[in-house]
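*Asks:* sequence isn't available, so here's the structure alone:
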């Protein structure tokens, strides 16, 4: 695992305080450093680190390639994880996602284009970062506030019943993989 | 907020994310979402929520239908005489157009008086079906409400129906009520 970075290493300011650092390489070969506390927010990455047997001594010499996440999304994810690495456990809510207040810093971070937000959710889903997933979903849900059904169809690209039926018919008419 | 230039591809989300988005919606938004398409309604129905149920208040010329949750009233739909165009919308419920004006989680419903029963029934059925919640109670103010018995079949599955009026129900009316509601429905009669 000795991939040479083709672009400068992205340094996130807050990682410097933590002595244990890991390197992550995005699908487009951007290299990121992330602290141990922060990387633990990603179940996928932390499982990988544990399974690879990375330690404080050898972590920086063994960058972790993440094929499914590009540099742009990885940068957002590293920023998010560093920001929230020392968060206390959330209080117990019956319906947590509807009740928490989305912090302004995170709302700003997630003020991105719809397609970018979608790609970020796919990356978050892959890396299994529950808190970021909650926040992203809340931002998407907030788009629906006070909107009419007609507006919702436009905001979310919701097909009409007729379009759904047509899609279903074309899917059932098309030949399967065997031809 | 994210740029509204292109639609957010909601139905391309992984299942868990899609489910979380729906769980993040307020009660009123869930109901509006259920009216977008059959597919949306199916997802709303399968979304776990923590609403307790529906409470209805009805008089000869007014009604309110509210969804209660642990934080109190989650949404309230009520009849209104005055209509403003601001923030108004038209729902198609059971083939009929219903004009609604929304302010946060308050929905004002405009309707011709002769369609009152149909509209109340349609809204209650929409809420119960979409949110999968029970009808908890109906408060019926009978004073000056000549055709209140016609509404009873709409509320047959309510857990409780309270009749509030100056004069008590006649034996005949009481029999009609008992024959048209579930045997589990608690009936209460209170003087006005």
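*Replies:* Cool, got the structure. Please read all numbers here as calculations on a predicted model, not as lab measurements.

*Asks:* flag every buried residue along stretch A:129-139.
*Replies:* For stretch A:129-139, the neighbour count (16 or more other C-beta atoms under 10 Å in any protein chain shown) marks A:129, A:131-139 as buried. (Each C-beta comes from the backbone N, C-alpha and C, glycine too.)

*Asks:* hang on, residue A:67 packs against residue A:27?
*Replies:* Yes - contact between residue A:67 and residue A:27 holds when scored by C-beta atoms under 8 Å: they sit 5.3 Å apart.

*Asks:* so which elements touch the helix-or-strand element of chain A with minimal mean pLDDT?
*Replies:* The least trusted helix or strand in chain A, going by mean pLDDT, DSSP states H and E, turns out to be helix A:96-99, with a mean of 71. For helix A:96-99, the elements it packs on are helix A:130-142, helix B:15-23, judged by 3 or more C-beta pairs under 8 Å, 6 or more residues apart in numbering or on different chains; DSSP states H and E.

*Asks:* contacts for it, please.
*Replies:* A:90, A:93, A:134, A:137-138, A:141, B:20, B:23-26 (C-beta atoms under 8 Å, 6 or more residues apart in numbering or on different chains).

*Asks:* now do stretch B:29-46
*Replies:* Outside stretch B:29-46, the residues touching it (C-beta under 8 Å, 6+ apart) are A:141, A:144-149, A:152-153, A:158-161, A:164, B:11, B:18, B:22, B:25, B:47, B:49, B:75, B:91-92, B:126-127, B:129-132.

*Asks:* assign residue A:32 to helix, strand or coil.
*Replies:* Look at residue A:32: counting by DSSP: H, G, I helix; E, B strand; the rest coil, its state is strand.

*Asks:* same check, this time on residue B:102
*Replies:* Residue B:102 ends up strand, using three-state DSSP.

*Asks:* same check on residue A:112?
*Replies:* coil.

*Asks:* pLDDT weak spots in the chain?
*Replies:* Since you didn't name a chain, this refers to chain A. Residue ranges of chain A with pLDDT under 70: A:1-19, A:91-96, A:176-179.

*Asks:* wrong one, I was asking about chain B
*Replies:* B:1-5, B:83-85, B:192.

*Asks:* that one: strands as residue ranges?
*Replies:* Per DSSP state E, chain B carries strands over the ranges B:51-58, B:63-69, B:72-79, B:88-93, B:96-103, B:106-110, B:135-141, B:160-165, B:186-191.
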